[in-house]
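Visitor: Make a model of this:
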Amino acid sequence: MMNRKQFVLALGSLCALTAQAQFTGPGVAAPITTVAQLRQARVGSYATVTGNIVAHQRQDYYTFRDASGEIRVEIEPALWQNRKLGPDDKVRPVVEVEQGPAGRYLWVKSLEVAS
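Guide: Residues are numbered from 1 along each chain as shown. Below is the predicted model of the structure:
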């Protein structure tokens, strides 16, 4: 029978092994959609959209445009990865639909340059 100290050490070892585990199999990809569809999507939904970042609004907020319309997006500085992208560069962000005081916007989770 384990005493309390042995149990805590065993549990700590198990947690350390679990924290290092990494899944390498297939995952569920965010569906590809349009700005128009995302305006109607449920808050908290994830999607992939292809278009252009056409303007900087303020701080981490930009205007994103595809063939169906425009929407405000939030892009954290780390996602730029020192890339210089302009309005003519096509990008493919994975986004989460959010709702704030200024209305619906997309929180960019990853940013890929489209070919």
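
Visitor: Starting from the helix or strand that contains residue 48, tell me which strands it pairs with and how they run.
Guide: Per DSSP states H and E, residue 48 falls inside strand 46-49. Strand 46-49 pairs in its sheet with strand 32-33 (parallel), strand 90-100 (antiparallel), by DSSP bridges.

Visitor: Give me the contacts around the last one.
Guide: By that I understand strand 90-100. Residues outside strand 90-100 that contact it (Cβ atoms under 8 Å, 6 or more residues apart in numbering): 30, 38, 41-53, 64, 73-75, 85, 104-115. All C-beta spots, glycine's among them, are computed from the backbone N, C-alpha and C.

Visitor: In strands only, show me the residues you listed.
Guide: With DSSP state E as the criterion, strands contain 46-49, 51-53, 64, 73-74, 104-113 from among the contacts of strand 90-100.

Visitor: now those: which count as buried?
Guide: Neighbour counting with 16 or more other Cβ atoms under 10 Å marks 46-49, 51-53, 64, 73-74, 105-108, 111 as buried within the ones in strands among the contacts of strand 90-100.

Visitor: wait, residue 67 sits on residue 34?
Guide: Yes. Contact criterion Cβ atoms under 8 Å: residue 67 and residue 34 qualify, at 7.2 Å.

Visitor: which of the two has more neighbours?
Guide: Ranked by neighbour count (other Cβ atoms under 10 Å), residue 67 and residue 34 place residue 34 first, with 15 against 9.

Visitor: Name the nearest residue to that one, sequence neighbours excluded.
Guide: residue 68 (4.1 Å; Cβ to Cβ, 6 or more residues apart in numbering).
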